[in-house]
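Peer 1: Mind looking at a prediction? Sequence and model below.
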Amino acid sequence: MTKFGEIISVQKPVLIDFYSDWDDAENTVKMLRNVAAALGDKAKVIKIDIKKNEILADALRVKGNPTFMIYKNGEMKWRQTGFQDASTLIGLVKQYL
């Protein structure tokens with residue numbers, strides 16, 4: 001996997017969904033695809049499995065599921081734990097374009 005620092009250090013916003021296999025993964029994937037489609041190449045949308053990336057999740061203090069974060073230029077701009085709908089996420093990411 002690409003190093004986390006490389007993923008978040010880009011100039012465009014990066015929306016990250018920290019998830020685990022026990023949440024409603026299918027609906028979340030559909031929702032994130034809608035977010036990615038709406039944003040096009042202006043932003044990145046990434047899912048990170050908490051169980052497969054426990055060290056990273058611990059380092060970022062990800063305790064809830066799902067946890068969403070927006071990074072830009074390596075800096076965390078926004079973070080929220082709990083389900084978010086596509087329109088909310090799109091609006092949040094657009095603030096950092």
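Peer 2: Looks like it arrived, so ask away.

Peer 1: Centre-most residue in this protein?
Peer 2: With distances taken as C-alpha atoms, centre = their mean, the residue of the chain nearest its centroid is I16 (1.2 Å).

Peer 1: so it touches V62, yeah?
Peer 2: No - at 9.8 Å, I16 does not count as touching V62 under the criterion of C-beta atoms under 8 Å. (Glycine included, C-beta is placed from N, CA and C.)

Peer 1: what about F18, distance to D41?
Peer 2: In this view, F18 and D41 are 23 Å apart by C-beta to C-beta, to the nearest Å.

Peer 1: contacts for the helix or strand where I55 lies?
Peer 2: Assigned by DSSP states H and E, I55 belongs to helix 54-59. Defining contact as C-beta atoms under 8 Å, 6 or more residues apart in numbering, one finds that helix 54-59 is touched by 4, 18, 48, 50.

Peer 1: Now render those residues as CSV, adding neighbour count.
Peer 2: Shown next, in CSV, are the contacts of helix 54-59 (neighbours: other C-beta atoms under 10 Å):
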residue, neighbour count
F4, 17
F18, 23
I48, 19
I50, 22
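
Peer 1: So which of those residues are in helices?
Peer 2: F4 (DSSP state H).

Peer 1: ok so, going back, in its sheet, which strands sit next to the helix or strand following the helix holding I55, and in what direction?
Peer 2: Next in sequence after helix 54-59, counting helices and strands by DSSP H and E, comes strand 67-72. Each strand paired with strand 67-72, and its direction, by DSSP bridges: strand 14-19 (antiparallel), strand 75-81 (antiparallel).
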